[in-house]
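Chemist: the sequence and its predicted three-dimensional model are supplied below.
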Amino acid sequence: MQKTSQPIRVALGSQLKSCPSVNTLGVCPNLKDYADWQLDLIHRSLKIYFPTTLYAEMFVAMGKEIFPKIQTYRFVGDKIKQTLLFKLNGLPAPETRFYFGPRQQKNITRDFSFPFVAKTPRFSSRGIGVKLIENQEQLDNYLEDNRVAYIQEYLPGCRDYRVVIVGEKIIHAYQRIPNGCEFRANVSLGAVMCFEDIPCEVLTLALKASRLCGFNYSGIDVVESGGKLYLLEANMKFGTLGFKEAGLDFKSILCRLVESGVI
């Protein structure tokens, strides 16, 4: 345990486990699984780092500050809510519509011309559930697996960027170049990362989205097509391969941000 003269820093998630100034307690589904001294630290700590979706709402209801912000947990993995939030905040996003159930889905080809992009609207990552729909058969196959359809215009010739923001600071950014004929720019699907010449406009848009939406711990995906920038989504559970490839230690960066008071 830390000395009482030092600020009490408590984390539940493992992201700060290697940070010596933080007491990482782990995530116990039952409060009885925590020792009394651990519960005491939780109650005395003014801020809880990485409280996880299990405890984030509870800590906020108790009046405690958390990192990341509660919006991070409320919007994690939900493309529909994120897209609506982007639009309400006047942020540029591709033309997107949602269709709930078979009756509404009959209107998809009225609203969009082939090709277009169809996505699994919730809790999909690494490009899984993202499909380029070029004909009715492909659309029918997609709809068989998705009662709620998330349909988005296809933007040809995209340049894809990932901007990682922690607090109000960009800690990494890179371009993702798709592999061969693959239209998805996910690193898990073979995309190549480029760390040079990231346009300032991309960084500015990502920071603006982070500020307006309250996403202070996310990998924000921005694409450029036809000379325009568009927001795709914010990834609260982002991979760290981009840091490793650039020779950066993600956990050390997080620890420095905590100890310097940035987050």
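Modeler: Yes, it's here.

Chemist: just how off-centre is stretch 153-160 within its chain?
Modeler: 20 Å (Cα atoms, centre = their mean, to the nearest Å).

Chemist: quick one: contacts of it?
Modeler: If you take Cβ atoms under 8 Å, 6 or more residues apart in numbering as the criterion, stretch 153-160 is touched by 94-96, 112, 115-117, 132, 175-178, 185, 191, 221-226, 230. Where C-beta positions appear, they are placed from N, C-alpha and C, glycine not excepted.

Chemist: in that stretch, which residues are buried?
Modeler: Applying a neighbour-count criterion of 16 or more other Cβ atoms under 10 Å, one finds 153-155, 158-160 buried in stretch 153-160.

Chemist: from the residues you listed, which two are the most distant?
Modeler: Greatest spatial distance among these (Cβ to Cβ): 153 and 159, at 16.4 Å.

Chemist: how long is stretch 10-25 from one end to the other?
Modeler: With Cα to Cα, to the nearest Å as the measure, stretch 10-25 spans 7 Å from end to end.

Chemist: run the chain-centre distance for it.
Modeler: Relative to its parent chain, stretch 10-25 has a centroid offset of 21 Å by Cα atoms, centre = their mean.

Chemist: offset the numbering so it begins at 75, please.
Modeler: New numbering, starting at 75: the last item is stretch 84-99.

Chemist: now what about it, what contacts it?
Modeler: Residues contacting stretch 84-99 (Cβ under 8 Å, 6+ apart): 75-76, 80, 82-83, 100-101, 108, 112, 115-116, 119, 121-126, 129, 325-326, 328-329, 332-333.

Chemist: can you give me the helices in the stretch 125-274 of the chain?
Modeler: All helices of the stretch 125-274 of the chain, identified by DSSP state H, counting those that start in this stretch, fall at 126-135, 144-148, 153-162, 175-179, 182-185, 210-219, 274-287.

Chemist: a markdown table please, covering these and showing mean neighbour count and distance to residue 95.
Modeler: What follows is the helices of the stretch 125-274 of the chain, written out as a markdown table (neighbours: other Cβ atoms under 10 Å; distance: least, Cβ to Cβ, whole Å):
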| stretch | mean neighbour count | distance to residue 95 |
| --- | --- | --- |
| helix 126-135 | 16 | 20 |
| helix 144-148 | 18 | 22 |
| helix 153-162 | 18 | 33 |
| helix 175-179 | 12 | 51 |
| helix 182-185 | 13 | 52 |
| helix 210-219 | 14 | 46 |
| helix 274-287 | 17 | 25 |
